[in-house]
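J.: A predicted structure for the sequence below; I have some questions about it.
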Amino acid sequence: MVSILRKFYNIYVSDDKDLALRLKPILGFTPSRLNLFKTAFYHKSMTNETPGKATNERLEYLGDAILSTIVAEYLFKKYPNKDEGFLTKMRSKIVKRQTLNQIADNMGLDVILADYSMGKMSSAMLGNALEALVGAIYIEFGYEKTKNYVIRNILMKYLDINELETKDDNHKSQLLEYCQKHGREIQFITLSKFKLDKRDCFKVAVLIDGSEMATAEDFNKKSAEQSAALKVLSTLDMHAYSN
């Protein structure tokens, strides 16, 4: 009864009723703890506008752990005859930043996140918000309901699990394998770390046999390395290899 009253309040009375109405088609339900879900979208860049305001980093930390556990259990049951190596690789493909960024974008989280962030919005912020959202759902419903929700409304709705079995978009790993196979020395180095829109940004380079082959910038160092590796794969005309 209390939960129903909270939802009614959130939709019709709350100062954040617009957020409640926008969340419902995305989530499929109206949160009773609306402020918690609002925090899931509150990026740290906003603290300059509202000092002391809680950001989504703690919820992101919780959601990351919950999501990883749910995916691990889901894969364990889906593939009863596969070994640990296969399961680990599949889990990595699902919970990796690039995949979560794409899922969050498809869910339409960018529209809401734009209201709670300052400056240029990076793709990594989308994945972070999705993890924070999973953390909020977990606090709202507990593990079992969160697990069912994630499987039905995220994994099965926005991912083709069977396609992921054969897909390999780890460009850095592909490039490392290529260089090892052909006896070439490869290095990933950080050229600089700087501020962009009040956030840390990394510029990395890929060197092969001492020569700089490509550079890339991103708010996430690993993402920058992946982007730089992809540029090298393209330069070496290795599309067939990378696919």
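T.: It's in.

J.: which parts of this protein are strands?
T.: Assigned strands in the chain, in chain order: 186-196, 199-208, 211-218 (criterion: DSSP state E).

J.: okay, the ones you listed in JSON lines with mean neighbour count and distance to residue 165 next?
T.: (C-beta placed from N, C-alpha, C; glycine too.) Formatted as JSON lines, those follow (neighbours: other Cβ atoms under 10 Å; distance: least, Cβ to Cβ, whole Å):
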{"stretch": "strand 186-196", "mean neighbour count": "13", "distance to residue 165": "27"}
{"stretch": "strand 199-208", "mean neighbour count": "19", "distance to residue 165": "28"}
{"stretch": "strand 211-218", "mean neighbour count": "16", "distance to residue 165": "27"}
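
J.: out of the ones you listed, nearest to residue 132?
T.: strand 199-208 (16.4 Å; Cβ to Cβ).

J.: one step back: including mean pLDDT and distance to residue 37, could the strands of the chain go into a markdown table?
T.: A markdown table is the format used below for these (pLDDT from 0 to 100; distance: least, Cβ to Cβ, whole Å):
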| stretch | mean pLDDT | distance to residue 37 |
| --- | --- | --- |
| strand 186-196 | 91 | 28 |
| strand 199-208 | 90 | 23 |
| strand 211-218 | 92 | 27 |
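
J.: where along the chain do the helices fall?
T.: Along the chain, counting by DSSP state H, helices occupy 2-12, 17-27, 34-39, 57-78, 84-95, 97-107, 109-113, 123-141, 143-150, 156-158, 161-166, 171-181, 221-235, 239-242.

J.: can you redo the ones you listed as a markdown table with mean pLDDT and distance to residue 205?
T.: Converted to a markdown table, the helices of the chain look like this (pLDDT from 0 to 100; distance: least, Cβ to Cβ, whole Å):
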| stretch | mean pLDDT | distance to residue 205 |
| --- | --- | --- |
| helix 2-12 | 67 | 49 |
| helix 17-27 | 87 | 39 |
| helix 34-39 | 92 | 37 |
| helix 57-78 | 96 | 29 |
| helix 84-95 | 92 | 25 |
| helix 97-107 | 91 | 20 |
| helix 109-113 | 87 | 30 |
| helix 123-141 | 92 | 20 |
| helix 143-150 | 97 | 37 |
| helix 156-158 | 94 | 33 |
| helix 161-166 | 86 | 30 |
| helix 171-181 | 90 | 13 |
| helix 221-235 | 89 | 7 |
| helix 239-242 | 42 | 19 |
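
J.: out of these, deepest packed?
T.: Of all the helices of the chain, helix 123-141 carries the top mean neighbour count, a mean of 24, counting by mean count of other Cβ atoms under 10 Å.

J.: and that one, what does it pack against?
T.: Secondary-structure packing of helix 123-141 (3 or more Cβ pairs under 8 Å, 6 or more residues apart in numbering; DSSP states H and E): helix 34-39, helix 57-78, helix 97-107, helix 109-113, helix 143-150.

J.: just so I know, which of those helices lies nearest residue 223?
T.: When those are compared by Cβ to Cβ, helix 97-107 sits nearest residue 223, at 6.2 Å.

J.: quick one: that closest one to chain centroid distance?
T.: 6 Å (Cα atoms, centre = their mean, to the nearest Å).

J.: run the angle between that helix and strand 211-218 for me.
T.: Helix 97-107 runs at 40 degrees relative to strand 211-218, counting by axes from the mean of the first three to the mean of the last three Cα atoms, to 10 degrees.
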